[in-house]
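Enquirer: model the structure of this input:
(one chain, ligands or ions: 1)
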Amino acid sequence: MTISLSDSDITDLEISTVLNVLKSKRLALGPYLEKFQQSIKEFTKVKYALAVNSGTSALHLILKSLNFQKDQKMLVSPFSFISSANVALFEGGIPVFIDIDPQTYNISPQKLKEFIDKSYQKDITTFMGVDIFGIPSPWDEIYSILPQEINIIEDSCEALGGEYKNKKLGTFGKAGTFAFYPNKQITTGEGGIIVTDNEEIFDLCKSMSNQGRGKSGEWLISERLGYNYRMDEMSAALGFAQMQRIDEISKKRKEKAQRYFELFKNDNRIVLPNVPSVVTSQSWFVFVLRLDLGWLSNFLNIPNWVKNFELPTKFETQKSKEEWSKIIKQLRNTLQNLIKKLNQKGIESKNYFYPIHLQPFYMKMFGYTPGDYPVTELVSSMTFAIPFFSNITQEEQKDVYNAIDKSLKEIKNETAF
Ligand SMILES: Cc1ncc(COP(=O)(O)O)c(C=O)c1O
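Expert: Numbering: from 1, shown residues only. Sure thing, here's the model as predicted:
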C-alpha cells in the first residue's frame, strides 16, 4: 500500500451536488458558477470573484487586465510553481527573479530592496508575490520597498484561507488567485479563481475569460481578444460543495500539520516549515520538510559558509560556479536517494520545488546557470513534500515518520566522506 502525496476530500455532499448539475443538463454558465463565486467572495471578503479553468489562467488574465505587455518585466520568486513566472512569458514579457529567504522560502525583502535600490527601471511594471506552500509573502516589507507605480499582484494559488495579520491571503495585491487542482485545500478538478476589489480588473478578466464578449452578453460579438478560460458547471458545483465544508477541511489540515510538527519536533535531521508570527491563520497546502545542513555535514563535505547560509547574491566566476554546482549536486543526490527510498517503502514524496530559472527552457531562453539564485538552489536541493491531505490518518502519519527515520539512518550508514 502506498500513502500518496495528496488526496482530495470528497463526501456525499460533493457527489450529490455534481449529480444535480448532470441531472439539470445545465453544464456551463449555470447557477453553481454564481454560487461558487459568491462563496469565495464571502470567504475572502472581496467585492468580486471570477472562477476560471485553472490557477494559471487566473494569473494570466490578471496580468492582461493590468496591460502587462511585451518586453515589460515582472518581479517574481524563482522558488515557485512554474506558472507564476510563465504567465509573463505568455505576453512576451520577462520574469525577473529575486532570491528567497531561507526560512520562509518566500521572496527575500533584503534582496528585493537591494534589487530596487540598484536596478529599478520603468520597464519593471509588475510584482507577483507568491505565498509559497500557503506561507504568506512578506507583505508589509514588499509594500514599503516597491515604488508605487509597480502593480502588485498575488499568486495565492496555494493559500486559500490563510491570513496575514487577520487579513485573508489573496487580498494583498490589486488582484489575487486561488487554484483548485485536486492536491489543493479544496478542489474543482481543474480550476482557479480571481479575487479583487477592483471593478475594472474584474470586468476585463470576465470578458477575456469568455472570448472577449462584452457586458451586453451578445454571444457572437467580441469586444477584445479573449480566451475560453471559463469554469464549467460541474467544477463549480464541486467547488461550491467544498466551500460549504471549508472550515472543517481547514481544521483537519491544521490538525494533520500539527501532528507532523509533533512527530518531527525533536528530530535534528529535519527542518520543519517556518510559520512567521504575522500569520494569524495558516492554510496548509503541502507539508514540506528540509534536510538539516548540520546533520548532512556529518557525512557530506559541506563548507561552513554553506551550512550557515552565508551565500553571495550570485556566483559570478566559472570556478565558483563549478564548486557551487558540486555542493548542490551532492545534496541533490542525497535528496533523490531519500525520495527513492521513501517511494520504495510505499511513501510518496517529491522535491518541492525545482528552481524555475534552472528549468531547461528557462536556461536556454535566458542563459541562466547554477549559481544565479543560490538560496533558492540550496533550499530546493534539500526540500521534499511528504504525504499530506485532510483525511490522512494518525497511523499513516506515523508510517511516514518511521519511513523517513529509517531512510535517513540508511543514508547516513551508506554515505561516507
Ligand atoms: C503557486 C502556484 N501558482 C500557480 C499555480 C497554477 O495553478 P493551476 O495548476 O491550476 O494552473 C499553482 C498550482 O499548482 C501554484 O501552486
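
Enquirer: and A416, what's its pLDDT?
Expert: Looking at A416, its pLDDT is 65.

Enquirer: cool, and P360?
Expert: In the prediction, the pLDDT value recorded for P360 is 98.

Enquirer: need the strands for the chain, in chain order.
Expert: Using DSSP state E, the strands of the chain run over 48-52, 73-76, 94-97, 124-130, 151-155, 163-164, 167-168, 175-179, 192-196, 270-271, 279-281, 287-291, 350-351, 383-386.

Enquirer: contact partners of the second one?
Expert: Yep, that's strand 73-76 we're talking about. With contact meaning CB atoms under 8 Å, 6 or more residues apart in numbering, strand 73-76 is reached by 63, 68, 84-85, 88, 93-98, 107, 112, 115, 121, 123-128, 130, 150, 155. Bear in mind the C-beta positions are built from the backbone N, C-alpha and C, glycine included.

Enquirer: same thing but 10 Å
Expert: Strand 73-76 is contacted by residues 63, 68, 84-89, 91, 93-98, 107, 112, 115-116, 119-130, 142, 146, 150-153, 155, 356 when judged by CB atoms under 10 Å, 6 or more residues apart in numbering.

Enquirer: of the residues you listed, list those near the ligand.
Expert: S84, V130, D155 (CB under 6 Å from any ligand atom).

Enquirer: now rank the residues you listed by neighbours and give me the top one.
Expert: The most crowded member of those, judged by other CB atoms under 10 Å, is D155 (31 neighbours).

Enquirer: quick one: residues contacting that one.
Expert: Each residue near D155 by CB under 10 Å, 6+ apart is listed here: 55-56, 58-59, 62, 76-77, 80-81, 83-85, 87, 128-132, 137, 170, 173, 176-179.

Enquirer: state the distance from the nearest residue to G239 once chain neighbours are set aside to the ligand.
Expert: Spatial nearest neighbour of G239, excluding adjacent residues (CB to CB, 6 or more residues apart in numbering): T188 at 4.0 Å. In this structure, T188 and the ligand are 9 Å apart, going by CB to the nearest ligand atom, to the nearest Å.

Enquirer: could you save the strands of the chain as TSV and add columns showing mean pLDDT?
Expert: Below are those laid out as TSV (pLDDT from 0 to 100):
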stretch	mean pLDDT
strand 48-52	98
strand 73-76	98
strand 94-97	98
strand 124-130	98
strand 151-155	98
strand 163-164	98
strand 167-168	98
strand 175-179	98
strand 192-196	99
strand 270-271	98
strand 279-281	98
strand 287-291	98
strand 350-351	98
strand 383-386	98
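
Enquirer: which one of these is the most hemmed in?
Expert: Across the strands of the chain, the average number of neighbours (mean count of other CB atoms under 10 Å) peaks for strand 175-179, which reaches a mean of 30.

Enquirer: elements contacting that one?
Expert: helix 31-44, strand 48-52, helix 55-65, helix 83-90, strand 151-155, strand 192-196, helix 199-209 (3 or more CB pairs under 10 Å, 6 or more residues apart in numbering; DSSP states H and E).

Enquirer: restrict that strand to CA atoms and write it as PDB.
Expert: Output of strand 175-179 as PDB, limited to C-alpha atoms (Å, rounded to 0.1, in the frame of the first residue of the first chain):
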ATOM      1  CA  ALA A 175      -5.900  41.000  -7.600                       C
ATOM      2  CA  GLY A 176      -5.200  37.500  -6.200                       C
ATOM      3  CA  THR A 177      -5.700  33.900  -7.300                       C
ATOM      4  CA  PHE A 178      -6.600  30.500  -5.900                       C
ATOM      5  CA  ALA A 179      -6.100  27.200  -7.600                       C
END
